[in-house]
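Visitor: here's my sequence, what's the structure:
(one chain, ligands or ions: 1)
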Amino acid sequence: MEAAPSTAAVPNLDKIDFSKLQNGSDIRGVAVAGVEGEPISLTEPVSEAIGAAFAAWLVEKKKADGSQRLRISVGHDSRISAKKLEDAISRGIASAGLDVVQYGLASTPAMFNSTITEDDSFLCPSDGSIMITASHLPYNRNGFKFFTNSGGLGKPDIKNILERAADIYDKFTVEGLTSSKEKVLTSVKRVDYMSVYTSDLVKAVRKAAGNIEKPLEGFHIVVDAGNGAGGFFAAKVLEPLGAVTTGSQFLEPDGMFPNHIPNPEDKTAMKAITQAVLDNKADLGIIFDTDVDRSAAVDSTGLEFNRNRLIALMSAIVLEEHPGTTIVTDSVTSDGLTTFIEKKLGGKHHRFKRGYKNVIDEAIRLNSVGEESHLAIETSGHGALKENHWLDDGAYLMVKILNKLASARASGQVGGSKVLTSLLEGLEEPGFSVELRLKINQSHPDLKGGSFRDYGEAVLKHLENYIDSDPKLKKAPVNYEGVRVSGYGGWFLLRLSLHDPVLPLNIEAPSNNDAVSLGNIVLAAVKEFPALDTSALDKFVQAS
Ligand SMILES: O=P(O)(O)OC[C@H]1O[C@H](O)[C@H](O)[C@@H](O)[C@@H]1O
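Guide: Next comes the predicted model:
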């Protein structure tokens, strides 16, 4: 009988521009075929090269000599390409001579945590760690985030790793890859690290409650994991603490995300958890993004604690513990939030740039120059505390909120999540707010061969001059990104997107009419830039 033909796919070694895989301080690409116009860029060989490149970067960083065998932990969220990429990146690491420990389904913050956990039986600490995730992006995408015990890698490190990966990839051959596939994976170990991480969260709440075993007894809390990686929070964190979690939803990992996008910034997702709270008459709802570095909550009446409200809530909690401290946020926060932090809570609001890494790095910088800061948080739901190694950890944010519930109960207060809602008293909310994203058409002749960034900067410069000529408008005196202007009782901010050829425009105002007036100012100012697609803004001002 003839041998059956090998079913193993021949590795695809098509040319790839590795620099295009960089997305700020992450690597992101297309990992699943089938979406028109989105060819696969994160193939198995590309992932293998990235694994080998991170290993080489780590050896240099840790100045490891041959006597020290470094260890890298690898975990993933619920995406359908997760296992394939986990194995490919593991092969790259192992072929570079480092140990690989696979965690399977994990969260981004847990992966960082594995670099600081001291526990031999779980093969910790790991010297480096990789999370395979593309956060809330569609099912066909995937990507990598990298950590050492100093935190998440920054943009220059990612650039360096991608340059190394491109060189490694150039030397790959089909035969070499096929044999590495057969050999290397036998040296990979697996551990259930999530059990360590979740028991640390449980311990943190028990400790804050004065070492009570079940400090959340009597609370009904529902979790919505959006079929991402956060389903563990119900059974592994809330239940051991005594909370009832019936009515929790979408806890099972499903990389097609059949119910809603796991994203606390998404309106449908927030509606889903709000409905679950109301239907179950729960005290609190908790929602995570796919890889659990972001979160939001909902009180028993259905009030959403996300965006500015989540920042206000976390600021209230942190400022009780650290009076006067500086709260660092992204740039699209409301004026009402600044007033709340400074006048009601007695803290300082440092409104910085968009981007979780920017916000966290700024808080670290402030501390290094003598300005105390304990919280860095974005409206996107990324939030990091000094006490938690400046790690943006959606689960830890929720732990801080749970501590508040637990201590209210311990001191005899009843009333579900009222203790949280009452912390927001005095927060002024805008009557109307909107975010419109204006695209820069990169193939438009008006770019004159220049980059979309230069074009966007020119738009912003022009807008700034335009504003100066109108006495009714006032530029924000301190501003770190784009052009932020007050007028008509509200404000707008036009800035360059962190990643895309887009100028996002945020407007907040007392009414829809005032928001339209602000929108019209931006429209008038940018009309000389034909490569800027203002259709979203046109539609907004016309509809009103
Ligand atoms: O600048 P934008 O296109 O609005 O994107 C900004 C966002 O990009 C990513 O999603 C980052 O993880 C966020 O921290 C950041 O806020």
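
Visitor: list the contacts for the residue nearest to Glu44 when sequence neighbours are not counted?
Guide: Once flanking residues are discounted, Glu44 sits nearest to Ala88: 4.0 Å by Cβ to Cβ, 6 or more residues apart in numbering. Heads up, the C-betas are built off the backbone N, CA and C, glycines and all. Residues counted as contacts of Ala88 (Cβ atoms under 8 Å, 6 or more residues apart in numbering) are Glu44, Pro45, Ser47, Glu48, Gly51.

Visitor: next, count neighbours for the nearest residue to Ser81 once chain neighbours are set aside.
Guide: Sequence neighbours aside, Ala31 is the residue nearest to Ser81 in space, at 3.8 Å (criterion: Cβ to Cβ, 6+ apart). Close neighbours of Ala31, defined as other Cβ atoms under 10 Å, add up to 26.

Visitor: which phi and psi does Ala31 have?
Guide: Here is the backbone geometry of Ala31 (degrees, to the nearest 10): phi -110, psi -10.

Visitor: thought it was touching Arg79?
Guide: Yes - using Cβ atoms under 8 Å, Ala31 is in contact with Arg79, at 7.4 Å.

Visitor: anything in contact with each of these two?
Guide: Ala134, Arg141, Asn142.

Visitor: quick one, what contacts the closest residue to the first one other than its chain neighbours?
Guide: Right, Ala134. Distance criterion Cβ to Cβ, 6+ apart; nearest residue to Ala134, sequence neighbours excluded, is Arg141 at 4.0 Å. Neighbouring residues of Arg141 by Cβ under 8 Å, 6+ apart: Arg28, Gly29, Val30, Ala31, Val32, Arg79, Ala134.

Visitor: for the ligand, see how far away Arg141 is.
Guide: 12 Å (Cβ to the nearest ligand atom, to the nearest Å).

Visitor: find me the pLDDT at that residue, would you?
Guide: The model reports Arg141 with a pLDDT of 98.

Visitor: what is it paired to in the beta sheet?
Guide: Val30 (DSSP bridges).

Visitor: Arg28: how many residues sit nearby?
Guide: 22.

Visitor: quick one: contacts for the residue lying closest to it once chain neighbours are set aside?
Guide: Spatial nearest neighbour of Arg28, chain neighbours left out: Gly143 (3.7 Å); criterion: Cβ to Cβ, 6+ apart. Taking Cβ under 8 Å, 6+ apart as the criterion, Gly143 is in contact with Leu21, Asn23, Asp26, Ile27, Arg28, Gly29, Leu42, Ile132, Thr133, Ala134.

Visitor: contacting residues for the fifth one?
Guide: Contact partners of Arg28, counting by Cβ under 8 Å, 6+ apart, are Leu21, Leu42, Ala134, Leu137, Arg141, Asn142, Gly143.

Visitor: can you give me the buried ones in the helix or strand containing it?
Guide: Taking DSSP states H and E as the criterion, the element that holds Arg28 is strand 26-30. Residues of strand 26-30 classed as buried: Asp26, Ile27, Arg28, Gly29, Val30 (neighbour count, 16 or more other Cβ atoms under 10 Å).

Visitor: so how far is Ala165 from the first one?
Guide: What it means is Asp26. Per Cβ to Cβ, to the nearest Å, Asp26 is found 14 Å from Ala165.

Visitor: can you list the domain ranges for this protein.
Guide: According to the TED database, the chain comprises the domains 18-191, 196-423, 432-543.

Visitor: close to the ligand, is the second one?
Guide: Yes - using Cβ under 6 Å from any ligand atom, domain 196-423 reaches the ligand at Arg354, Gly355, Tyr356, Glu378, Ser380, His382.

Visitor: just the residues you listed now: which is nearest the ligand?
Guide: Of all those, Tyr356 has the smallest distance to the ligand: 3.7 Å, by Cβ to the nearest ligand atom.

Visitor: show me what contacts Asp361?
Guide: With Cβ under 8 Å, 6+ apart, Asp361 has these contacts: Gly154.

Visitor: now with 10 Å?
Guide: Ser25, Gly151, Gly152, Gly154, Val328, Phe352, Lys353, Gly355, Ala376, Trp390 (Cβ atoms under 10 Å, 6 or more residues apart in numbering).

Visitor: just Glu457 next, same as before
Guide: Shown in contact with Glu457 (Cβ under 10 Å, 6+ apart): Gly450, Ser451, Gly482, Leu496.

Visitor: what does the stretch 401-544 of the chain have sitting close to the ligand?
Guide: Ser497, Leu498, His499, Asp500, Pro504.

Visitor: which one (most neighbours) among these?
Guide: That'd be Pro504 among these, by other Cβ under 10 Å, with 19 neighbours.

Visitor: next one: phi and psi at it?
Guide: With angles defined as degrees, to the nearest 10, Pro504 sits at phi -70, psi 140.

Visitor: my guess is it meets Leu438, correct?
Guide: Yes - shown here, Pro504 and Leu438 form a contact pair, counting by Cβ atoms under 10 Å, at 7.5 Å.

Visitor: quick one: common contacting residues for those two?
Guide: Leu494, Ser497.

Visitor: in stretch 481-501, which residues are buried?
Guide: Buried, per 16+ other Cβ under 10 Å, within stretch 481-501: 481-498, 501.

Visitor: and the gap between the residue of the stretch 201-350 of the chain found nearest the ligand and Arg495?
Guide: Going by Cβ to the nearest ligand atom, the ligand is nearest to Asp330 of the stretch 201-350 of the chain, at 6.1 Å. Distance of Asp330 to Arg495, given as Cβ to Cβ: 10 Å.

Visitor: for Lys267, same thing?
Guide: Taken as Cβ to Cβ, the span from Lys267 to Arg495 is 22 Å.

Visitor: where do the strands of the stretch 151-300 of the chain begin and end?
Guide: Along the stretch 151-300 of the chain, the stretches classed as strands by DSSP state E, counting those that start in this stretch are 151-152, 189-190, 221-224, 284-288, 295-299.

Visitor: again with the stretch 351-500 of the chain
Guide: Going by DSSP E, counting those that start in this stretch, the stretch 351-500 of the chain shows strands at 373-377, 383-385, 391-392, 432-440, 474-475, 483-487, 490-494.

Visitor: would a markdown table of those strands with mean pLDDT be doable?
Guide: Below are those laid out as a markdown table (pLDDT from 0 to 100):
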| stretch | mean pLDDT |
| --- | --- |
| strand 373-377 | 98 |
| strand 383-385 | 97 |
| strand 391-392 | 93 |
| strand 432-440 | 97 |
| strand 474-475 | 96 |
| strand 483-487 | 98 |
| strand 490-494 | 98 |
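
Visitor: any idea which of those strands gets closest to Ala209?
Guide: The minimum distance between Ala209 and those falls on strand 383-385, with 17.9 Å, by Cβ to Cβ.

Visitor: so His499 touches Lys155, yeah?
Guide: No - using Cβ under 10 Å, His499 is not in contact with Lys155, being 11.3 Å away.

Visitor: could you list the single helix or strand in the protein with the lowest mean pLDDT?
Guide: helix 174-183 (a mean of 82; mean pLDDT, DSSP states H and E).

Visitor: can you give me the buried ones in that one?
Guide: Leu177, Ser180, Lys181.

Visitor: gap between the spatially closest residue to Gln413 that is not a sequence neighbour and Ala316?
Guide: In this structure, Gln413 finds its nearest non-sequential neighbour in Val419, 6.1 Å apart by Cβ to Cβ, 6+ apart. Per Cβ to Cβ, Val419 is found 11 Å from Ala316.

Visitor: rewinding a little: the residue nearest to Arg28 belongs to a strand, doesn't it?
Guide: Yes - according to DSSP: H, G, I helix; E, B strand; the rest coil, the state of Gly143 is that of a strand.

Visitor: spatially, which residue comes closest to Ala312, not counting chain neighbours?
Guide: Closest to Ala312 by Cβ to Cβ, 6+ apart is Leu427, at 4.9 Å.

Visitor: I figured that neighbour was touching Ser334, is that so?
Guide: Yes - contact between Leu427 and Ser334 holds when scored by Cβ under 10 Å: they sit 9.0 Å apart.

Visitor: please enumerate the shared neighbours of these two.
Guide: Joint contacts of Leu427 and Ser334 (Cβ under 10 Å, 6+ apart) are Asn308, Arg309, Ile311, Ala312, Phe340.
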